[in-house]
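Engineer: need coordinates for the below:
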Amino acid sequence: MRLSHFTLLAAAVGALASPAKRQGGGTPVTILSPGSIVTPTDGITEAAEDSFPFSVAVPEFNHCHPGYTPVDVYLLETQPTVDSLNSTHQFTDYLYFFGSYLVNNFPGELPNMGTPPPSSLTMPDLGLVADTPVYLATMETIEGCPPNGFFEYAIDSKSITFSG
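Structural biologist: Sure, this is the predicted structure:
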């Protein structure tokens, strides 16, 4: 049986017009994201009230994400893992919370939509003995593409020796 061009065209248009089933959406994914903390370098030693350089970059930029990624910055007693997070994807067992910041996801300047990360942080007096390892940790909240979207929670950390 030979099909006419019209029949083939109608079948092709019908296949394209049928709704595709969207996958997932709304299910949070938590990943380790090494490389988000650019500075300080891993293994530095800092005393209470010392200032140290800080910079964070979101390596997931330009993947249909919004222009900014929220990043929370903490000091933790142990190296963070996915299991370190509570049900709202935050660290609850932390030594110090530096704050919440917005990181620009694209090269160049974007309008100021919130507080950008500072270029340095000051080590708080943690009341720990000298030579105690602590971990500078970031938690990024990465929003996915519309219309269904998704959230990824990305963790990075660097070790710091607290010298008292």
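
Engineer: report the beta-bridge partners for the spatially most central residue of the chain.
Structural biologist: Closest residue to the average C-alpha location of the chain: Glu140 at 2.2 Å, with Cα atoms, centre = their mean. Glu140 has these beta-bridge partners by DSSP bridges: Val71, Ala154.

Engineer: list the contacts for it?
Structural biologist: Glu140 makes contact with 33, 36, 58, 60, 69-71, 103, 152-156 under the criterion Cβ atoms under 8 Å, 6 or more residues apart in numbering. All C-beta atoms are positioned from the backbone trio N, CA, C, and that covers glycine.

Engineer: check what pLDDT it gets.
Structural biologist: Listed pLDDT for Glu140 reads 86.

Engineer: how much space separates it from Ala48?
Structural biologist: Separation of Glu140 from Ala48 (Cβ to Cβ, to the nearest Å): 27 Å.

Engineer: again with Tyr94
Structural biologist: For Tyr94 relative to Ala48 (Cβ to Cβ), the value is 17 Å.

Engineer: the closest residue to Leu95 other than its chain neighbours and Ala137, how far apart?
Structural biologist: Closest residue to Leu95 apart from its sequence neighbours, by Cβ to Cβ, 6 or more residues apart in numbering: Leu75 at 4.5 Å. Using Cβ to Cβ, Leu75 is found at 7 Å from Ala137.

Engineer: got any residues that touch both of those two?
Structural biologist: Tyr94.

Engineer: where does pLDDT dip in this structure?
Structural biologist: 1-32, 34-35, 59-65, 107, 110, 144-149 (pLDDT under 70).

Engineer: hang on, the earlier thing: for the residue nearest to Leu95, helix, strand, or coil?
Structural biologist: Assigned with DSSP: H, G, I helix; E, B strand; the rest coil, Leu75 falls in the strand class.

Engineer: so Asp83, which state does it fall into?
Structural biologist: Asp83 - assigned by three-state DSSP - is helix.
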